[in-house]
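Enquirer: I need the structure of the sequence given here:
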Amino acid sequence: MAEELPGLDGAALRKISRIDRAIEKMRRDDQGAFVSITNAIEHHLEISPRDPETIRLLARALDTFLRARGIDPKAAGFDSQLRSLMEYS
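Expert: The predicted model follows:
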């Protein structure tokens, strides 16, 4: 898909997809709240012009929400992907 549409950041989209899959596997009652944030990140990765600061802030919001709900991104298997999005440029 990323090759078909110019300007998409395929690597970042793969990172958010991995985070989505990991959250889905947790089968939590509050999964929808996490998906709302990941959907917002995905949306901002797909639009043009992309605003890196918005992506970084949304990734930080996801990190904060995960930790508030007692989820360690490293233990969940997507710490490096989340950190990369928090440093998005």
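
Enquirer: any idea which residue sits dead centre in the protein?
Expert: Central residue of the chain (Cα atoms, centre = their mean): residue 16, 3.8 Å from the mean position.

Enquirer: Hmm, residue 44 and that one touching each other?
Expert: No: using Cβ atoms under 8 Å, residue 16 is not in contact with residue 44, being 9.9 Å away. (Each C-beta comes from the backbone N, C-alpha and C, glycine too.)

Enquirer: Give me the residue ranges of the protein where confidence is low.
Expert: Counting by pLDDT under 70, the chain has low-confidence residues at 1-6.

Enquirer: which residues of it fall in helices?
Expert: Here the chain has its helices, by DSSP state H, at 10-26, 31-46, 52-68, 73-76, 79-86.

Enquirer: Report all helices and strands that the fourth one contacts.
Expert: The criterion is 3 or more Cβ pairs under 8 Å, 6 or more residues apart in numbering; DSSP states H and E, and the helices and strands that helix 73-76 contacts are helix 10-26, helix 52-68.

Enquirer: Could you export those helices as JSON lines, including distance to residue 33?
Expert: Formatted as JSON lines, the helices and strands packed on helix 73-76 follow (distance: least, Cβ to Cβ, whole Å):
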{"stretch": "helix 10-26", "distance to residue 33": "10"}
{"stretch": "helix 52-68", "distance to residue 33": "7"}
